[in-house]
Each structure stands twice: as C-alpha cells, then as structure tokens.
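Colleague: Provided below are the primary sequence and the corresponding predicted coordinates.
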Protein chains: 2
Amino acid sequence: MMQTVLPTFINLPAAKQEKIVAAALAEFADKGYQQASINVMVSSSGIAKGSMYQYFKDKKGIFLYIFDFAISLVRRTLMQVKETTQEADFFTRLEKSLLAGVEFIRQHPRIYGIYLKILFDQHVPQRPQLLKAVRQFAAEYFQSLVRQGLERGEIRADLPGPAATFLLDALFDRFLQATCVPFFDVTLGLDQAPPAEIEHRVKELIDLLRQGLAS
Amino acid sequence: MMQTVLPTFINLPAAKQEKIVAAALAEFADKGYQQASINVMVSSSGIAKGSMYQYFKDKKGIFLYIFDFAISLVRRTLMQVKETTQEADFFTRLEKSLLAGVEFIRQHPRIYGIYLKILFDQHVPQRPQLLKAVRQFAAEYFQSLVRQGLERGEIRADLPGPAATFLLDALFDRFLQATCVPFFDVTLGLDQAPPAEIEHRVKELIDLLRQGLAS
DNA sequence: AATTGATATGACCAAGTGGTCACATGAGGT
DNA sequence: ACCTCATGTGACCACTTGGTCATATCAATT
C-alpha cells in the first residue's frame, strides 16, 4: 500500500519498533492525522526527532505505516471470527461477530480510534484508498454472511442483498461507536456498560433485525 | 448555550453578519474545530483579524455561535417535518423523514459537515454538551415516532422501544453519511446518486425494517 | 588503533497558529 | 470646528508545527 518506511526502521530491535509504533498509534488515535504532533510522538517514545526521519520519509509515511499495521490486525481478527463461526446459523453468526467487534475495541481502542478519526477527515493522505479498503472489507464480510444465510434458507429468499448488507453495516458500526464514544449513544447507554448488558443489547437488536418492526 | 458573541456583532448589518457566518461555517465544516484557521475566515469574509475579536471573544466563541446557528436550523426543519407528516402511518413517516434529511443535507452540506467533524473529535470545546444536544434531539424524534406507531398498532406491541430507536438512529445517520461522504458507502453507491435511486433505496431499507430479515 | 559507513541527535528553519494592541477611522453631538 | 466614543485595522507576539542538517556516536572491519 505504497509504504514509505525506511529500511533503518525495519532493522531496529523489535522493542524499539514497538515503542515507536505505540506512541504514533496513540497520538494519531487521539488527534487524527493533521493534529497529531510528531514532537509528541518522539518525546513519548524517547527518541530524537531526527531519528524519526531516519525511520520514515515524512509524517505521511508514519501514518501509512501505522494504518497498515492497524488494518492488517483487523483483517486477521475478523477472518478468524468468520472461520470459527462457520457452522453457526446466520443470526448467531451476527451475534458473535458483533461481540467480537466489541471485544476487539476493548483490546485495541486506539486502532478503532484511528478509524473514527479518519472517517470524515478530507485531509488525510490517501483517504479514498484507505477508507475504501476498510469499508469494502466490512461490506464483503457481511455479504458473505448474507449469501450463506440465503443458501441455508435462514433468511428471506426475496431479501434485497445490498440493502441488507447496508443495514447490518450501519447497525454494527453504530453499535461499536456507541460502546466506546462517550455521550454518543443516549438511548441504550452502551458506553462503559457491563458485558452482560452489552450481550443483552446485542441479542435484542439482532432479534429486531430478525423479526422486523411491523405488527 | 453559554454564548460568547459580543454585542458588536449583533449590531452589524445583516449582510456583513451573513458573510462572516458563511465563512466560519465553511471553514469549520472543511477542517473541524482545531484545524480551522481564523486567518482563513477573516480573509475569505473580507474583514480584519482584529475585527473578528470585536465580534467574538475567541475561537471557541466563534465556533459555539456557529454551532448554535446550525443546530437551531436543524431543529426547526425537523420539527416541521414532524408536523407535516403527523397524519401519515409510521413507515411513511420514516420514509419522509429520511428523505427530508437527504434534502436538508443537499441544501446545507456544511452544517452536516460540522456535525460529522465534531462526532469523534475529543478536543472540541463543550463537546459533551454539544454532542448530547444533537444526539438527544435525534433520539427523541425517533422515540416520538415509535410511541405513536405503537399507539396506532402499526408496529409490534412487544417491540423493545429503546432498541428500535437505536436501530432507526443508526440506519438513518449512516444513510445520510453515505449520501454525502464519498467512498464511504461501497454497497449502495449512494453518494451522488440521482434522487430517483435514493428514493428507491429509502423505500427498500424501510421495507427491510418493516419485514425483518428472517424467512 | 585507525578507518569507515550507518545511525543518533537536537539546535535550527520557515511557516502558520490564536490572540493582542496601539492606532486609524468615522459618525453624532455640541 | 471640535470632541467623544464605538468600531475597524494589521503589524506584531509567543508558540507550535513538520522537516533539515551539521555533527556526534557507535559498531565493524582492516
């Protein structure tokens, strides 16, 4: 994905690499691209500013490396969820997928933070490509679930596939946002909710998807 | 909402006020709060920098004024939609509401742009209050629709109200984002879609809500 | 010990930021 | 014509930014 990491960084001892990645991840997640400060990154990872430019060509290079690191972790995790729920029925798979998303964010809040910061910021380098990569991946995940659900006859045969995918994507992303962005969700109070309540809400929402709203 | 407009601004001729508001709106919508430049605002509205500080206490003051201006326009519009669809059935009301949202964004893209920029930016002044104000308003709108839908027996009596509200909120907000943020929606291709297709997609999604996914 | 080539460093640079202030301008009242 | 007072103005301030570069450090080879 058009990296601009310099070989110097690759040759670094793993521990030092991790410190730098952690610092950059935290800063980008907190401030977004433009507002993130390289001065903060270097001082919080304990290296000199000049060193940073021996590791990466420029700020854009740092960001793209971090983004690549992040998205590959997401991909691996989601693929694993997909495999381990292979046998379950459609709605159970949805449930497990959403819970896995919640757990992923609990473990890697800054990765999701970067995604949220990127979403609506026109001035992020390579934004079209980066955004498309994330969104396409999510859409394909849901498409694949829907396809299998149709094949097994677990969902209506006359279901408009793209619309269903869109709905799932919308609901899931919003649910995840609600669990980790304070003041964002005023109806379910998901942020900092205990796991038991989150599980209950997931079940409730998926039931809603299953049955529909009409009487 | 804790304004910091100075009387000097209020006494300004309306045309000059509008130029300043337009410039600030455009800049905040494009860059978000921190990244927005007062230098750009003053130069694009043709006033001196010093003048800006005779009109507003500081950057925060400008932003809060603009936000207040924006949200009151949203409130008025949504209230009007609510009234004019009073007699329609639940699902028709949903349809009209979503289409009204699309139309509002078409006419005031920068207002929605500010909302999007604020959503995930921890460093916006008064963020908790501002975000809560917007979200609560949307939630109450859907709650009121759901309540009336229940009373009229148009939706299932055993429906969990908060979950339904959450689902509607999620879907609608995502739909609106998809219509105006390029590369965001890869499944329906809503951005820059012709009105006829948007209407079709709205109907399709609301039908999905009505009937559910299950076979 | 001497040499060499890669890596580490932080003072420094130009540019841009939000905000200030001494002064200029103008309208109204005497 | 003179004074007054609200308003307009842009040079200026301290500060931060991303990025550079001459120099120092270090490890390996001769």
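Modeller: Looks like it arrived, so ask away. Model, not experiment: these values are computed from the prediction.

Colleague: residue A:46 and residue A:19 touch, don't they?
Modeller: Yes - counting by CB atoms under 8 Å, residue A:46 touches residue A:19, with 6.9 Å between them. (Each C-beta comes from the backbone N, C-alpha and C, glycine too.)

Colleague: tell me the secondary structure at residue A:76.
Modeller: Look at residue A:76: counting by DSSP: H, G, I helix; E, B strand; the rest coil, its state is helix.

Colleague: circling back: more crowded one of residue A:46 and residue A:19?
Modeller: Higher neighbour count among residue A:46 and residue A:19: residue A:19, with 16 against 11, using other CB atoms under 10 Å in any protein chain shown.

Colleague: helix or strand right after the helix or strand containing that one?
Modeller: Per DSSP states H and E, residue A:19 falls inside helix A:14-35. Using DSSP H and E, the next helix or strand after helix A:14-35 towards the C-terminus is helix A:38-45.

Colleague: so the next helix or strand after that next one, near DNA strand D or not?
Modeller: Later in the chain than helix A:38-45, the nearest helix or strand by DSSP H and E is helix A:49-55. Yes - against DNA strand D, helix A:49-55 shows contacts by CB under 7 Å from any atom of the strand at A:49, A:50, A:53.

Colleague: what do you get for stretch A:35-46?
Modeller: Yes - with CB under 7 Å from any atom of the strand as the criterion, DNA strand D is reached by stretch A:35-46 at A:36, A:37, A:38, A:39, A:40.

Colleague: from what I see, the second one and residue A:27 are in contact.
Modeller: Yes - applying CB under 8 Å, one finds residue A:37 in contact with residue A:27, separated by 6.6 Å.

Colleague: which of those two has more residues huddled nearby?
Modeller: Neighbour totals were compared for residue A:37 and residue A:27, and residue A:27 leads with 23 against 14 (other CB under 10 Å).

Colleague: how many residues are close by the residue nearest to that one when sequence neighbours are not counted?
Modeller: Distances taken as CB to CB, 6 or more residues apart in numbering or on different chains place residue A:36 nearest to residue A:27, at 4.6 Å, with adjacent residues excluded. Residues near residue A:36, counting by other CB under 10 Å, number 21.

Colleague: and the residue with the shortest distance to the centre of chain A, how far is that from residue A:74?
Modeller: For chain A, residue A:112 is the residue whose C-alpha lies nearest the centre (CA atoms, centre = their mean; 4.6 Å). Residue A:112 is 9 Å from residue A:74, where distance means CB to CB, to the nearest Å.

Colleague: between the two, which contacts overlap?
Modeller: residue A:104 (CB atoms under 8 Å, 6 or more residues apart in numbering or on different chains).

Colleague: would you check that the residue nearest to the centre of chain A makes contact with residue A:105?
Modeller: Yes - contact criterion CB under 8 Å: residue A:112 and residue A:105 qualify, at 4.6 Å.

Colleague: between those two, what contacts are shared?
Modeller: Joint contacts of residue A:112 and residue A:105 (CB under 8 Å, 6+ apart) are A:176, A:180.

Colleague: out of the residues of helix A:49-55 next to DNA strand D, who's nearest residue B:151?
Modeller: The nearest member of the residues of helix A:49-55 next to DNA strand D to residue B:151, counting by CB to CB, is residue A:49 at 64.3 Å.

Colleague: so what's the nearest residue to the closest one once chain neighbours are set aside up against?
Modeller: Computed as CB to CB, 6+ apart, the closest residue to residue A:49 that is not its neighbour in sequence is residue A:42, at 4.9 Å. Contact analysis of residue A:42 by CB under 8 Å, 6+ apart lists A:23, A:48, A:49, A:51, A:52.

Colleague: most neighbours among the residues you listed, which one?
Modeller: Neighbour-wise, the contacts of residue A:42 (other CB under 10 Å) top out at residue A:52, 22 neighbours.

Colleague: can you tell me how far the residue lying closest to that residue once chain neighbours are set aside sits from residue A:62?
Modeller: Distances taken as CB to CB, 6+ apart put residue A:42 closest to residue A:52, at 5.3 Å, once the chain neighbours are dropped. From residue A:42 over to residue A:62 the distance is 10 Å, taken as CB to CB.

Colleague: now do the shared contacts for those two.
Modeller: Counting by CB under 8 Å, 6+ apart, the residues touching both residue A:42 and residue A:62 are residue A:52.

Colleague: my read is that residue A:175 contacts residue B:171, right?
Modeller: No - contact between residue A:175 and residue B:171 fails when scored by CB under 8 Å: they sit 11.7 Å apart.

Colleague: ok and the residue in chain A nearest DNA strand C?
Modeller: DNA strand C sits closest to residue A:50 of chain A, with a gap of 1.8 Å, by CB to the nearest atom of the strand.

Colleague: and residue A:188, that's in a helix?
Modeller: No - assigned with three-state DSSP, residue A:188 falls outside any helix and is coil.

Colleague: show me the contacts for it.
Modeller: A:178, A:201, B:162, B:163, B:166.
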